[in-house]
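[1] Predicted model and sequence follow; I will ask about them next.
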Amino acid sequence: MYEKFVELLVDELQIDRDEITMDAELSGDLGINSIELADLVMICEEKFGIEFEDDDIRKFTTVGDVVNYLESL
């Protein structure tokens, strides 16, 4: 799941692959703003056929948070 999510970050948000780690902060390290996060959530929902809970999205701080959430579904 990590590799699939990294591909989304690289392809959809043009984030440098070398900057992406499980500990990378979405906002602080990768510069993802709230609009980009909302877009990313919609892309993940469509690509993986899942639905994020709004309360869970607010808890996403790092790449690892998102990957762990995706793996838990």
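    It's in.
[2] Not counting residues beside it along the chain, what's closest to E36?
    L13 (5.8 Å; CB to CB, 6 or more residues apart in numbering). To be clear about C-beta, it is placed using only N, CA and C from the backbone, and glycine gets the same treatment.
[3] Would you quantify the distance from the one you found to S34?
    Counting by CB to CB, to the nearest Å, the separation of L13 from S34 is 13 Å.
[4] so the residue nearest to E36 touches I32, yeah?
    Yes: L13 lies in contact with I32 (CB atoms under 8 Å); the separation is 6.6 Å.
[5] Common neighbours of those two, please.
    L40 (CB atoms under 8 Å, 6 or more residues apart in numbering).
[6] how far does the lowest-mean-pLDDT helix or strand in the chain sit from the chain's center?
    Within the chain, no helix or strand scores below helix 54-57, which has a mean of 90 by mean pLDDT, DSSP states H and E. Distance, stretch centre to chain centre, for helix 54-57: 13 Å (CA atoms, centre = their mean, to the nearest Å).
[7] moving C-terminal of it, what's the next helix or strand?
    helix 63-72 (DSSP states H and E).
[8] Give the other helices and strands that that next one contacts.
    helix 2-13, helix 34-48 (3 or more CB pairs under 8 Å, 6 or more residues apart in numbering; DSSP states H and E).
[9] What average pLDDT does it get?
    Mean pLDDT, helix 63-72: 95.
[10] do the same with stretch 23-34
    Mean predicted lDDT for stretch 23-34 stands at 96.
[11] List the buried residues for that stretch?
    A24, E25, L26, L30, I32 (16 or more other CB atoms under 10 Å).
[12] export that stretch as CSV, just CAs?
    Coordinates of each C-alpha in stretch 23-34 appear next as CSV, following Å, rounded to 0.1, in the frame of the first residue of the first chain:
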residue,chain,number,x,y,z
ASP,A,23,7.5,9.7,8.8
ALA,A,24,7.2,12.6,6.4
GLU,A,25,4.6,15.1,7.5
LEU,A,26,2.0,15.8,4.9
SER,A,27,1.9,19.5,5.6
GLY,A,28,5.3,20.3,7.1
ASP,A,29,7.6,18.1,5.0
LEU,A,30,5.7,17.6,1.8
GLY,A,31,3.9,21.0,1.7
ILE,A,32,0.4,19.5,1.1
ASN,A,33,-2.3,22.0,1.9
SER,A,34,-5.9,21.3,2.9
